[in-house]
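> Here is a sequence with its predicted model. Questions after.
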Amino acid sequence: MAMSFIFWICLCIFSVSAELQLLEQPIKSDGSLSFLVVGDWGRKGDYNQSQVAQQMGKIGDELNIDFIVSTGDNFYEDGLRSINDHAFDKSFTQIYTAESLQKQWYSVLGNHDYRGNVEAQLSPTLGKLDSRWFCQRSFVLNTEVAEFFFVDTTPFVDKYFLRPKHHHYDWRGVLPRKEYLSNLVKDLDSALRNSAANWKIVIGHHTIKSVGHHGNTKELVEQVLPILEANNVDLYINGHDHCLEHMSSTTSPIQFLTSGGGSKAWKGDFYRLDQEGLKFYYDGQGFMSVQLTQANAKIVFYDVFGRVLHDLHLSKGLNYAM
């Protein structure tokens, strides 16, 4: 069904390090860039996934989006079983059918994806089934307006290794873990330091700062956050908590944005809502849009009906929320 957008998008892949690939994404002729962000979605249309997809199609058309970002947990409950798993078609191709969503999707893995066959979800074969699909553990997407750093956050979290309970995790490509994480941290730091982008945006599945169900991910706070702060990152975008959320940092200009409302939401499941830095929290389904120019960024959160819940406007040297 999907058109072969990978050709007109001129998607090029280069090697920038042992772990990170560099992709190129063109921007609009007016120098702007726009995209949608959705996470925690793959439930074969259930839990309002189809309704969220419908509104994404409408907003995507209004904004003339250039691509879509998925923040992980792409297929519930346990990722994909194989490259022939019908969940890929039923949770992705058959759901995001709007014309405006027939653009490149850039996806990272979530913890639920790691419970399945990770190699299947990373396989180029899925891109042949639906040319919109691109998923890698970690990679860099470069544009003239911004640079995006997609980070594989699941292997950082100790409990998936120490207390797996009844879940099996596919750690192929990750073990030995210590070496994998050491290389990833070094590669991320190097890529950020060498970036001349006006906007630096890091995308991962797990929260760094959140008042939602999972709260802060201590391993990312300890191992990743210092790198983001040292390299003047503007936005950290994640899923994992099934909500929409905006928190600011008290020690840096980083804005923490959660878009994990692609399907099942956790109504009423959160920590204290008076935590310092909290700007917006919504415990329902929805998604996020981002519009960028060299000087300005506009982020908007939408609910399952397409209603605007929260706006965030940023500019170099000035930021405020409405």
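Yep, that arrived. Residues are numbered from 1 along each chain as shown.
> pLDDT score for T293?
On pLDDT, T293 comes in at 97.
> Please name the nearest non-neighbouring residue to it.
Of all residues not flanking T293 in the chain, S32 sits nearest, at 5.1 Å (Cβ to Cβ, 6 or more residues apart in numbering). C-beta: built from backbone N, CA, C; applies to glycine.
> got any ranges where the chain has weak pLDDT?
Where the chain drops to pLDDT under 70, the residues are 1-19, 164-165, 317-322.
> Show me which helix runs longest in it.
helix 177-193 (DSSP state H).
> on contacts alone, who are the packing partners of that helix?
Secondary-structure packing of helix 177-193 (3 or more Cβ pairs under 8 Å, 6 or more residues apart in numbering; DSSP states H and E): strand 146-151, strand 199-204, helix 225-230.
> quick check, distance from the last one to the centre of its chain.
Read that as helix 225-230. 18 Å (Cα atoms, centre = their mean, to the nearest Å).
> name the helices or strands packed onto the next helix or strand after that helix?
Per DSSP states H and E, the first helix or strand lying C-terminal to helix 225-230 is strand 235-238. Applying 3+ Cβ pairs under 8 Å, 6+ apart, one finds that strand 235-238 makes contact with strand 199-204, strand 255-259.
> Of all the ones you listed, which one is nearest N216?
N216 sits nearest to strand 255-259 of all the helices and strands packed on strand 235-238, at 9.6 Å, using Cβ to Cβ.
> List the strands paired with that closest one, with their directions.
Paired neighbours of strand 255-259 in the sheet (DSSP bridges): strand 235-238 (parallel), strand 244-248 (antiparallel).
> so can I have JSON lines of those strands showing mean neighbour count and distance to K200?
Converted to JSON lines, the strands paired with strand 255-259 look like this (neighbours: other Cβ atoms under 10 Å; distance: least, Cβ to Cβ, whole Å):
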{"stretch": "strand 235-238", "mean neighbour count": "25", "distance to K200": "8"}
{"stretch": "strand 244-248", "mean neighbour count": "24", "distance to K200": "16"}
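> Need those strands in CSV (columns: distance to E222).
Converted to CSV, the strands paired with strand 255-259 look like this (distance: least, Cβ to Cβ, whole Å):
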stretch, distance to E222
strand 235-238, 15
strand 244-248, 18
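> Quick check: which of the ones you listed is nearest to L20?
Among the strands paired with strand 255-259, strand 235-238 comes nearest to L20, with 16.9 Å by Cβ to Cβ.
> Which parts of the stretch 51-200 of the chain are helices?
Ranges of helices in the stretch 51-200 of the chain, per DSSP state H, counting those that start in this stretch, are 87-88, 118-122, 124-129, 159-162, 177-193.
> out of these, nearest to T71?
Smallest distance to T71 across the helices of the stretch 51-200 of the chain (Cβ to Cβ): 14.3 Å, for helix 118-122.
> Which other helices and strands does that closest one contact?
For helix 118-122, there is no helix or strand it packs on, judged by 3+ Cβ pairs under 8 Å, 6+ apart.
> Just the residues contacting that helix, thanks.
With contacts defined as Cβ atoms under 8 Å, 6 or more residues apart in numbering, helix 118-122 is touched by 74-75, 79-83, 85, 109, 113, 126, 135-137, 170, 172-173.
> any idea which residue sits dead centre in the protein?
T71 (2.5 Å; Cα atoms, centre = their mean).
> quick one: contacts for that one?
By Cβ under 8 Å, 6+ apart, the neighbours of T71 are 37-40, 108, 110, 203-205, 237-240, 259-260.
> Quick check: PyMOL command selecting the buried ones in the residues you listed.
PyMOL command restricting these to the buried ones, with burial defined by 16 or more other Cβ atoms under 10 Å:
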select buried, resi 37+38+39+40+108+110+203+204+205+237+238+239+240+259+260
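> now, the most widely separated pair of the contacts of T71?
Counting by Cβ to Cβ, the most remote pair of those is V38 and G204, 14.7 Å apart.
> what about the residue nearest to T293, how many neighbours?
16 (other Cβ atoms under 10 Å).
> So L244 is in contact with F270, correct?
No. When contacts are counted by Cβ atoms under 8 Å, L244 is not listed as touching F270 (11.7 Å).
> Now the common contact residues for these two.
Common contact partners of L244 and F270 (Cβ under 8 Å, 6+ apart): Y281.
> Buried ones in stretch 22-32, by neighbour count?
Neighbour-count burial for stretch 22-32, counted by 16+ other Cβ under 10 Å, picks out L22, L23, Q25, I27, S32.
> measure that stretch end to end?
End-to-end distance for stretch 22-32: 20 Å, by Cα to Cα, to the nearest Å.
> and it, how far out from the chain's middle?
The chain centroid and the centroid of stretch 22-32 are separated by 18 Å under Cα atoms, centre = their mean.
> quick one, what contacts I68?
Neighbour list for I68: 35-38, 56, 60, 96, 101, 103-106, 132 [criterion: Cβ under 8 Å, 6+ apart].
> Done for today, thanks.
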